[in-house]
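Q: Have a look; sequence and predicted model below, questions after that.
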Amino acid sequence: MGNMKVFPAPAKLNLFLHVLGRREDGYHLLQTVFRFIDYADQLSFTVTNDGVISHVNQIVGLTEADDLCIRAAKLLREQSGRETSLGVKIHLHKKIPLGGGLGGGSSDAATTLIALNRLWAINWPKERLMKLGLELGADVPIFIYGYNAFAEGVGEKLQKMDLSPAWYIVLTPPVQVHTAAVFASKELTRNTIPIKMANFSMAQGHNDLEPVAMRMQPVIAEWLNWLKKQPDTINVAMSGAGACMFAEFTSESAAQKVFEQLPDGMRGFVTSGLAEHPLLDF
Ligand SMILES: C[C@@](CO)(OP(=O)(O)O)[C@H](O)COP(=O)(O)OP(=O)(O)OC[C@H]1O[C@@H](n2ccc(N)nc2=O)[C@H](O)[C@@H]1O
Ligand SMILES: Nc1ncnc2c1ncn2[C@@H]1O[C@H](COP(=O)(O)OP(=O)(O)O)[C@@H](O)[C@H]1O
């Protein structure tokens, strides 16, 4: 117990997010850049042989039935054909805000798949785990892929991207935005012109989900406006379907300096961008 391995599940930012169209099944065609950040949930796993897949601790706002860690573990056991006597107790230390556009639930699911693939001695290759992950959510494969990436399709067609070191202020408004509701909105524009990754600069990017989420939660617009007025930012945008947002800086000191000015009532953290997922080689 004392030396049980801890598996991180880092958050992501969408540096921009363009909506290009909608598929027949209602899912949207996107272009986005995913960047991992040094801000993570922590999971640990105790393998059992009683066939029970459960949490050790209760997460506020989450029921076990729709918890993505539990769903991921059950799906993996079923699809891998391993014996049903295989079980696991999962401890989840939650740090990433729920429903915030930082991909916490998807990252927890991915870390569960990555860890149990080894701990249950399934040893599937990465591509196969990614396919399974996609059944749990559009955002799960990127966390298994493990590299910052340019993404297309519904978010599952990934091209590795080398991103410069960067620091971020991430603001976490005390509201949740329901991803499905944003995508379903009548006001969402779905006709951004596709870009080519090769000749694209981040500064040309934007988040098409931002105006919709801002109308649902005006606090997002207020906090974004404050960030946009600050010095030395190189990109300010909402992440995913919100409600969290970020400002990018080229130095930690520039980010800290702005963060020190954060008005009362606003909250968030400063963190660095990661070069890759911490479990890339596990
Ligand atoms: C918007 C993004 C951007 O990275 O992130 P989040 O804000 O959720 O973090 C993702 O595309 C979200 O991925 P994820 O959260 O895994 O979505 P899913 O569970 O697969 O889908 C939730 C709902 O969003 C809609 N959805 C999702 C992805 C997509 N490409 N088109 C969609 O229309 C669908 O209505 C779906 O029912
Ligand atoms: N382990 C988990 N952590 C967070 N959310 C989870 C988890 N399992 C299921 N969910 C559900 O997924 C929803 C979206 O989760 P999350 O990934 O945190 O946000 P987002 O998709 O906006 O980045 C949550 O509102 C919650 O109902």
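A: Sure thing, it's come through. Numbering: from 1, shown residues only. Ligands and ions are numbered 1, 2, ... in the order given.
Q: any idea which element whichever residue of the stretch 101-250 of the chain sits closest to ligand 2 lies in?
A: Closest contact between the stretch 101-250 of the chain and ligand 2, by CB to the nearest ligand atom, is at G105 (2.9 Å). For every residue, glycine as well, the C-beta is placed using N, CA and C. Applying DSSP states H and E as the criterion places G105 in helix 104-119.
Q: follow-up on the earlier one: I'd guessed the residue of the stretch 101-250 of the chain closest to ligand 2 sits against G137; true?
A: Yes. If you go by CB atoms under 8 Å, G105 and G137 touch, sitting 7.3 Å apart.
Q: which of the two has more neighbours?
A: The neighbour count for G105 versus G137, taken as other CB atoms under 10 Å, is higher for G105 (26 against 20).
Q: how near is that one to D66?
A: 9 Å (CB to CB, to the nearest Å).
Q: quick revisit: can you check what angle separates the next helix or strand along the chain from the helix holding G105 from helix 104-119?
A: Later in the chain than helix 104-119, the nearest helix or strand by DSSP H and E is helix 126-134. Relative orientation of helix 126-134 and helix 104-119, computed by axes from the mean of the first three to the mean of the last three CA atoms, to 10 degrees: 140 degrees.
Q: Tell me which helix or strand comes right after helix 126-134.
A: Note on helix 126-134: by DSSP H and E, the next helix or strand toward the C-terminus is helix 140-145.
Q: buried ones in that next one?
A: 140-145 (16 or more other CB atoms under 10 Å).
Q: Same list, those residues, but only the ones touching ligand 1.
A: With CB under 6 Å from any ligand atom as the criterion, no member of those is in contact with ligand 1.
Q: before we move on, the earlier item: how near is the residue of the stretch 101-250 of the chain closest to ligand 2 to L224?
A: Distance from G105 to L224, counting by CB to CB: 23 Å.
Q: and what of H55?
A: Distance from H55 to L224, by CB to CB: 35 Å.
Q: for L15, same thing?
A: Distance from L15 to L224, by CB to CB: 15 Å.
Q: which of these two has more neighbours?
A: L15 (24 against 21).
Q: tell me the SS of the closest residue to that one other than its chain neighbours?
A: Spatial nearest neighbour of L15, excluding adjacent residues (CB to CB, 6 or more residues apart in numbering): V33 at 4.2 Å. The local conformation at V33, judged by DSSP: H, G, I helix; E, B strand; the rest coil, is strand.
Q: remind me which residues of this protein are low pLDDT?
A: 1-3 (pLDDT under 70).
Q: and the residue of it nearest ligand 1?
A: Ligand 1 sits closest to G240 of the chain, with a gap of 2.3 Å, by CB to the nearest ligand atom.
Q: That residue: how many residues sit nearby?
A: 26.
Q: Helix, strand or coil: sort out it for me.
A: Assignment for G240 (three-state DSSP): coil.
Q: quick one: contacts for it?
A: Taking CB atoms under 8 Å, 6 or more residues apart in numbering, we find G240 in contact with 14, 17, 100-103, 139, 179, 209.
Q: Apply 10 Å and report the result again.
A: 12-14, 17, 32, 34, 99-103, 106, 139, 155, 177, 179, 182, 207, 209, 213 (CB atoms under 10 Å, 6 or more residues apart in numbering).
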